[in-house]
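Asks: show me the folded form of this:
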Amino acid sequence: MPNGSYSYHSYRNDNHVHKDDNTPNLDAIRAREYPQLTPSTLYLDHAASTPPPLSLLRAHYVTLSTTLLSNPHSSPHASGIIDLVREELLEFLGCEGGRGAGWEVVWVSNTTAGIKLVGEMMEGACRESDGGWDFVYHRESHTSIIGLSGLASHSTCIDDVPPPSAPAAPSSNAGRQRRPTLFAYPAQSNFSGTRFSPTYTPTARTHGYLTLLDAASLLPTSPLTPYLSSFTTAPDFTVLSLTKLLGYPNLAALLIRRSDRTVEMVNRRRYFGGGTVGGVTSDGWHEFRRRGGGEGMAAALEDGTGCVSSVLGVRAGIGFIRETFGGLEGVRGHTSQLAMWTAERLRALRHHPDEEQQVVRIHTSGDYADPDTQGPIIAFSVLSAAGAVMPPTTVATLASMEGIHLRTGGLCNPGAAEYYLGLTSEDVRRGYYEQGARCGDGRDFIRVAKSKRSTGGEEELELELEERVRGVVRISFGACTTWREVHAFVGWFERVFVSHPSSSSPALLTLSPANNVGEQDPEVSVEALYVYPIKSSHAYAPPPQEQPWPVGERGLAFDRMFFLLDLRSGRGISQKTCPGMARIIPTLDIERGVMRVRVRGSNEEVEVPLHPTEVELKSWRAEVKVCYEAVECNIFTDPRIQRFFSNALSTPEERVTCTLAIPSTPRRMTNESPLLLINATSVAALCEGMEAVPPASQFRPNIVVRTALPFVEDAMTSFSLHDRDRDSTSGSSDRGMGMKMEVSGPCRRCKMVSIDQESGEVEWKGAYEAMVRKRMRRGVGVVFGVGVRLTGSGMEGGIGVGMVVR
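Replies: Coordinates of the predicted model:
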């Protein structure tokens, strides 16, 4: 039946309403069950987490509020409920015969905990004194699977089916008996959506391997019956996430196929906790609960108090999937059609006018027309008209401004990222150790070795490095994804990322060579000067009587001297996460040595000392993250300061608890260079065609200049600032003296440029989109303006409006 009239902004295309006999009407389901998915929200991140349905939350509430549940170790009733839901889960998964056939269900907090538990059992059963154990895992395994290599004696990453024997460790003796081996693989790659064959398990078993299946990514959109329906060919261990399946509760399960080998592993596990032992004494002697007595393996593995309340949520969730979507088979058919159509549309996109350059490169080894080999995940790179890869974080920024939820990065799957993006493990290690790249640091590119060239002799080789992307964009579909959503996404994507003949500039151009500096006006002067005393706050423009403004190696005096610290999370607050920061307006009173701060629209004001004493500060002992950088800081003790800033950023929907902080040691709080220079002429050229052109201050510069031609700043390597009055009175002999500045390079820009610096609202999305179309540099990202630093003082005083740029 039709998948409804899901509206997303103004996008409509009634000619493309799809029909899907596998799924009930999603219009009614969405309205009834998913109020968090508002019409202005486009949620395409189901592989990370699916939203919980309202009826599940209500059913769980009713159960908890009407059922008296005790600790399972105290109440047979509570423990009986837990065991009953184990059986219901096995039936839902298609495990024929359930617990009576030899299946065991162990409740764990998440899939990673289940994987770790398997590692602990392997470690206990195959101790180093007995020769240890080997670990073989598939290339597209999640990081949590790869983490088992830290427990194994030797580990090997493979590309396909498991080999007849694990490659021997370098130190192993040829005559030594082969060690026990665990083979792990994903049923579906969380990176590419590629689905891997259930035959991997029996193949590995013929080699004598124990097997671990990671079903966390597959289960939300497909039945597990191909992997679990036959007890004889099922994996020894299967981990699955009930959170990814249902959205709630936070719970996972480890399925164990009972055999002599798995029983031995359970019995030889080293750690024991409350409820998992049959006997224990104060000197440490203990006996695990074993396979006898009908207690099952779970009794020996579920350390501590059982999660009875969460387990009850699973029962309600299973019922919801069956009653609402007709089970996982219906979800599989619906999501497969969504993914196939979307992948086809994205692959067909071409940049104009030649229509040869593709816009999207999809990363997968599966076939979207075959649900046995491909799931409803699309991992892709966006390409410019010149073939350059667009930074994934830039795509995420543009998407977030439109209310689109998706995922970017390496997706916690290093093997898949390396394979599909043409990286090697050596490339990634070099990025980590030599370039400081870290997971989640927002950096899209690392420098990798492109080739080697001779520098004279045959033995002298020099590496040539190039910037290469290290992450992707991922969209993923779930049971409640509608056809209107995927059509809306493709429509938005085509509008933003595909170049057209009518465009003033082809989409995603790499940065072209700038105009020659010599072509600019014979005299260019500083047009405006801005200081940001509180990082991410509104600017302070020093009045003429306070200029020239002091400048040093760390930039303008008092620039980014303070920042706001969220006392709950321990993170610095910025406009990226709190646009209301733009409404905080600081004013510097140098004579009194204070900073007066007010909030736009309020008469309240607070004074902060510019030179606080030790009494006015106290050390914040936890590490603070400010724009990915770790900072040690002190916070102000005056409760009025905390109250003022907390009130300034709080909204009716959310209470913010924050205070003003200052680094404990002098340091520069700017992200890249100490100073940012913006050319007002470049702003006009950038925003040509927009209904309104934002002021240069919208781009948060320190120095604003205006030249005859745009983008001449891109070609500048250095310049000097001269006092016009001093030049005119000193004669031509002084024209060579001035404040020398070095241009460190283009400034990478983020979505903060879309936030109006007066209202604190997102009002300039067009400016950021213009930068994406016109100011994309290969291997760097969106750039606009140039970073500047002082290299020599040539004259006293500082920087002032009217100074001449040469």
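Asks: output the host helix or strand of residue 747 as PDB, restricted to C-alpha atoms.
Replies: Under the criterion of DSSP states H and E, residue 747 resides in strand 739-748. Output in PDB follows, covering the C-alpha atoms of strand 739-748 (Å, rounded to 0.1, in the frame of the first residue of the first chain):
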ATOM      1  CA  MET A 739      54.300  45.200  11.400                       C
ATOM      2  CA  LYS A 740      55.300  42.000   9.500                       C
ATOM      3  CA  MET A 741      52.600  39.300   9.100                       C
ATOM      4  CA  GLU A 742      52.900  35.800   7.800                       C
ATOM      5  CA  VAL A 743      50.000  34.100   6.000                       C
ATOM      6  CA  SER A 744      49.800  30.500   7.300                       C
ATOM      7  CA  GLY A 745      47.200  29.400   4.800                       C
ATOM      8  CA  PRO A 746      43.500  29.200   4.200                       C
ATOM      9  CA  CYS A 747      41.100  28.900   7.100                       C
ATOM     10  CA  ARG A 748      38.900  25.800   7.200                       C
END
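Asks: the stretch 551-700 of the chain: helices as residue ranges?
Replies: 639-649, 680-686 (DSSP state H, counting those that start in this stretch).
Asks: dump the C-alpha coordinates for the first one into CSV.
Replies: Once side chains and other backbone atoms are set aside, the C-alpha atoms of helix 639-649 remain, and they are given as CSV (Å, rounded to 0.1, in the frame of the first residue of the first chain):
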residue,chain,number,x,y,z
PRO,A,639,28.3,32.3,41.9
ARG,A,640,27.0,35.3,40.1
ILE,A,641,29.2,34.5,37.1
GLN,A,642,27.9,30.9,36.9
ARG,A,643,24.3,32.0,37.4
PHE,A,644,24.6,34.7,34.7
PHE,A,645,26.0,32.5,32.0
SER,A,646,23.8,29.5,32.9
ASN,A,647,20.7,31.7,32.5
ALA,A,648,22.1,33.2,29.3
LEU,A,649,22.2,29.8,27.5
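Asks: residue 242 contacts residue 315, correct?
Replies: No - counting by CB atoms under 8 Å, residue 315 is not a contact partner of residue 242; they are 10.8 Å apart. Any C-beta I mention is one placed from the backbone N, CA and C, and that applies to glycine too.
Asks: now residue 139. Nearest residue, chain neighbours left out?
Replies: residue 415 (3.9 Å; CB to CB, 6 or more residues apart in numbering).
Asks: between residue 242 and residue 315, which has more neighbouring residues?
Replies: Set residue 242 next to residue 315 and count neighbours by other CB atoms under 10 Å: residue 242 wins out with 27 against 18.
Asks: partner strands of the top strand by length along the chain and their direction?
Replies: Taking DSSP state E as the criterion, the chain has its longest strand at strand 781-792. The strands beside strand 781-792 in its sheet (DSSP bridges) come out as strand 675-679 (antiparallel), strand 739-748 (antiparallel), strand 776-777 (antiparallel).
Asks: can you give me the helices for the stretch 151-300 of the chain?
Replies: Under DSSP H, counting those that start in this stretch, the stretch 151-300 of the chain gives helices at 200-206, 225-228, 242-246, 260-267, 298-301.
Asks: okay, now the unreliable bits of the stretch 201-350 of the chain?
Replies: Residues of the stretch 201-350 of the chain meeting the criterion pLDDT under 70: 289-295.
Asks: then the stretch 401-550 of the chain?
Replies: 451-463, 500-522.
Asks: show me where it has helices.
Replies: Here the stretch 401-550 of the chain has its helices, by DSSP H, counting those that start in this stretch, at 414-421, 425-433, 483-497.
Asks: turn the ones you listed into a markdown table, including distance to residue 658 and mean neighbour count.
Replies: Shown next, in a markdown table, are the helices of the stretch 401-550 of the chain (distance: least, CB to CB, whole Å; neighbours: other CB atoms under 10 Å):
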| stretch | distance to residue 658 | mean neighbour count |
| --- | --- | --- |
| helix 414-421 | 36 | 21 |
| helix 425-433 | 32 | 14 |
| helix 483-497 | 34 | 21 |
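Asks: residue 565 is nearest to which of these?
Replies: helix 425-433 (28.3 Å; CB to CB).
Asks: quick one: list the elements packing against the closest one.
Replies: With contacts taken as 3 or more CB pairs under 8 Å, 6 or more residues apart in numbering; DSSP states H and E, helix 425-433 sits against helix 414-421, strand 445-454.
Asks: now the angle from that helix to helix 414-421?
Replies: 110 degrees (axes from the mean of the first three to the mean of the last three CA atoms, to 10 degrees).
Asks: which residues sit against helix 425-433?
Replies: Helix 425-433 is touched from outside by 414, 418, 437-438, 446-449, 468, 470, with contacts defined as CB atoms under 8 Å, 6 or more residues apart in numbering.
Asks: mind running it again at 6 Å?
Replies: Helix 425-433 is contacted by residues 437, 446, 448 when judged by CB atoms under 6 Å, 6 or more residues apart in numbering.
Asks: with stretch 352-360 instead?
Replies: Stretch 352-360 is contacted by residues 346, 349, 351, 380, 383, 385, 497-501 when judged by CB under 6 Å, 6+ apart.
Asks: in strands, which of the residues you listed fall?
Replies: Those of the contacts of stretch 352-360 lying in strands (DSSP E): residue 380.
Asks: among the contacts of stretch 352-360, the buried ones, what's the ChimeraX command?
Replies: Buried residues among those (16 or more other CB atoms under 10 Å), as a ChimeraX selection:
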select :346,349,351,380,383,385,497,498,499
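Asks: any idea which of the contacts of stretch 352-360 is closest to residue 759?
Replies: Among the contacts of stretch 352-360, and counting by CB to CB, the member closest to residue 759 is residue 497, at 28.2 Å.
Asks: gap between the residue nearest to residue 778 when sequence neighbours are not counted and residue 449?
Replies: Take residue 778 and drop its neighbours on the chain: the residue closest to it by CB to CB, 6+ apart is residue 388, 4.3 Å away. Noted for residue 388: a distance of 19 Å to residue 449, by CB to CB, to the nearest Å.
Asks: comparing these two, which residue is more hemmed in?
Replies: Neighbour totals were compared for residue 388 and residue 449, and residue 388 leads with 20 against 14 (other CB under 10 Å).
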